[in-house]
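K.L.:
Build me a model from this:
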Amino acid sequence: MRRLRLFARAARLAADDRGVAAVEFAIMVPVLMLIYVAGFELSEGMATYRKMSDATIELANVATQYTTMGSLDVASVFNASSQIMSPYPTQNLEIVLSEVTTDVNSHATVTWSQAYNGATALSPGQPITLPTGLAQPNISYMLVQTHYNYVPVAGGGFMASIPLTDQIFMQPRSSPNIPYTG
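P.N.:
Residues are numbered from 1 along each chain as shown. This next block holds a predicted model:
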């Protein structure tokens, strides 16, 4: 008799579905939160890369409008990066601004280079590989290289920073080259 009651209770318990929704909810919430946080981090990382890429292009755009550049001119160009990167912080942004000149054989070398925010400037005379189609004899280009260490907002405690890089070559607009006067 006692076994029958036990089996009856077990059968009733197996047929009871009142807590199924709560169990399913408890199982799905962590998965949905993970998907939400991953999507947020992905969109933040992409937006940061877009801002860094915009900064790279705009800094080259500004630099190519000079006919000569002194240390104050270079500082002004570098300081514009904080306005372009806004609302993202610039303490993780490193910039290298260089003039690259080709010789009669279309071999490119660094003419001068200046660095910002802990970046390492290129060495004058250092050879540079130009993108396909840019290697022409006796031409100067401004090269802007940016590097940004993106630190995830939500996952920063357990994820390493993600390095983002970009570069652009742009010809001077108002003169054949842009000498650095110091």
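K.L.:
how about the strands in the chain?
P.N.:
Secondary structure of the chain (DSSP state E): strands at 93-102, 108-116, 127-128, 140-150, 162-170.
K.L.:
and the angle for the fourth one with strand 108-116?
P.N.:
Regarding strand 140-150 and strand 108-116, their directions subtend 40 degrees when assessed with axes from the mean of the first three to the mean of the last three CA atoms, to 10 degrees.
K.L.:
Please identify the buried residues of strand 140-150?
P.N.:
Burial within strand 140-150, assessed by neighbour count using 16 or more other CB atoms under 10 Å, is assigned to 140-148, 150. C-betas here are computed from N, CA, C, even on glycine.
K.L.:
Could you save the residues you listed as a markdown table and add columns showing pLDDT and distance to residue 4?
P.N.:
Shown next, in a markdown table, are the buried residues of strand 140-150 (pLDDT from 0 to 100; distance: CB to CB, whole Å):
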| residue | pLDDT | distance to residue 4 |
| --- | --- | --- |
| 140 | 94 | 96 |
| 141 | 95 | 91 |
| 142 | 96 | 90 |
| 143 | 96 | 87 |
| 144 | 96 | 84 |
| 145 | 96 | 81 |
| 146 | 96 | 77 |
| 147 | 96 | 75 |
| 148 | 94 | 72 |
| 150 | 90 | 66 |
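K.L.:
Same list (those) but as TSV, adding distance to residue 123.
P.N.:
TSV is the format used below for the buried residues of strand 140-150 (distance: CB to CB, whole Å):
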residue	distance to residue 123
140	17
141	17
142	17
143	13
144	17
145	14
146	19
147	17
148	23
150	28
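K.L.:
ok, so of these, who is nearest residue 108?
P.N.:
residue 141 (7.6 Å; CB to CB).
K.L.:
quick one, what contacts the nearest residue to that closest one once chain neighbours are set aside?
P.N.:
Nearest in space to residue 141, with sequence neighbours left out and distances taken as CB to CB, 6 or more residues apart in numbering, is residue 169 at 4.4 Å. The contact partners of residue 169, taken as CB atoms under 8 Å, 6 or more residues apart in numbering, are 60, 100, 130-131, 134, 141-143.
K.L.:
repeat for residue 128
P.N.:
Contacts for residue 128 (CB under 8 Å, 6+ apart) come out as 100, 108-110, 122, 143.
K.L.:
please redo it, this time with the cut-off set to 6 Å
P.N.:
Residue 128 makes contact with 100, 108, according to CB atoms under 6 Å, 6 or more residues apart in numbering.
K.L.:
Kindly reformat the strands of the chain as CSV containing distance to residue 11.
P.N.:
Below are the strands of the chain laid out as CSV (distance: least, CB to CB, whole Å):
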stretch, distance to residue 11
strand 93-102, 67
strand 108-116, 75
strand 127-128, 79
strand 140-150, 57
strand 162-170, 55
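K.L.:
Nearest to residue 23, out of these?
P.N.:
Closest to residue 23 of the strands of the chain is strand 162-170 (CB to CB; 36.6 Å).
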